[in-house]
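Student: quick one: sequence plus predicted model below, questions after.
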Amino acid sequence: MIDTHCHLYWDSFQNDLPEVLRRAREAGVDRAITIAIDKPTALQCLDLVGDYPEQLKCAIGVHPSETDKVTEDDLLWLEAMAGDPAVVAIGEIGLDIYRGETNLKQQEKLFERMLHLARFTGLPVVIHHRAAGARTIEVIKAAGNTKGVFHCFSEDYAYAKRVLDQGFLISFTGNITYKNSKLPVLAAQLPLDRILLETDAPFMAPHPHRGKRCEPKHIVDVAQKLAEIHNTSLDRVADITTRGAEELFNL
């Protein structure tokens, strides 16, 4: 299996990352994509891929929360590094107005630039769309991008259909396992070959690990939940989602 979205440079992994990756392999999670949010974390992601080339790849980009901090030099560096073999996607990019942000126009301008970079390089995009779902898909459609994944999906079926119709995939984190979550109902309506697995580690730990640090091995809990939802085997979910990730990220 492949954890398509984690943040392994996070401070909570500094003391035991080799053990974290070993536990992932033992659980059947043989690969992971560590996702940057700005230039400093992109540098860390590239270093991690260099340290663990058989197990890790990375995505580089600027998260919308970093819009007011990123510099032109940062963007030029990211554009130059997008061709590195370690880089399999542009991300995490998108829009976020969850906390009432007022810089939406600036976010959109940055988002459009990142989408252009993805088209220029032929790479897929990893989309963040918290509280800005409608506008996010509008910007993507106008830009013409048709390859990527909407990560940590939590919208409704109507929105999911728009995402799939645009050519994108959808990924679920541990929140699909939470009590009272509406995501299982949504996931049941989606074809397995349009779904990817992710942890968003160290965040979003699935049940029964909620409240603890999440790590790539917890992909198994997400996959098991999808197997229950689709009334199929864990092996089938693992096979279909792994092939989907390999195709999208050219692994």
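Tutor: That came through, no problem.
Student: quick one: residue 196 is in a strand?
Tutor: Yes. When the secondary structure is assigned by DSSP: H, G, I helix; E, B strand; the rest coil, residue 196 falls within a strand.
Student: contacts only, for it.
Tutor: For residue 196, the contacting residues are 2, 4, 149, 169-171, 241, 244-245, 248, taking Cβ atoms under 8 Å, 6 or more residues apart in numbering as the criterion. C-beta coordinates here come from the backbone N, C-alpha and C atoms, glycine included.
Student: let's see it at 6 Å
Tutor: Residues in contact with residue 196, defined by Cβ atoms under 6 Å, 6 or more residues apart in numbering, are 4, 149, 169, 171, 241, 244-245.
Student: any idea what it is bridged to?
Tutor: residue 171 (DSSP bridges).
Student: so what pLDDT did it get?
Tutor: Taken from the predicted model, the pLDDT recorded for residue 196 is 98.
Student: now the nearest residue to residue 156 once chain neighbours are set aside: which helix or strand?
Tutor: Distances taken as Cβ to Cβ, 6 or more residues apart in numbering place residue 186 nearest to residue 156, at 6.8 Å, with adjacent residues excluded. Using DSSP states H and E, residue 186 maps to helix 183-188.
Student: packing partners for that helix?
Tutor: Taking 3 or more Cβ pairs under 6 Å, 6 or more residues apart in numbering; DSSP states H and E as the contact definition, the neighbouring helices and strands of helix 183-188 are helix 219-229.
Student: residue 182: neighbour count?
Tutor: 11 (other Cβ atoms under 10 Å).
Student: next one: the one 10 residues further on
Tutor: In terms of burial, residue 192 registers 17 neighbours under the definition other Cβ under 10 Å.
Student: so what does it have for phi and psi?
Tutor: Listed backbone geometry of residue 192 is phi -60, psi -30, with angles given as degrees, to the nearest 10.
Student: in its sheet, what does the top strand by length along the chain sit against?
Tutor: In terms of residue count, the longest strand belonging to the chain (DSSP state E) is strand 87-94. Partner strands and pairing direction for strand 87-94 (DSSP bridges) are strand 56-60 (parallel), strand 125-128 (parallel).
Student: list the buried ones in that strand?
Tutor: For strand 87-94, the neighbour count (16 or more other Cβ atoms under 10 Å) marks 87-94 as buried.
Student: having no further points to raise, I will conclude here.
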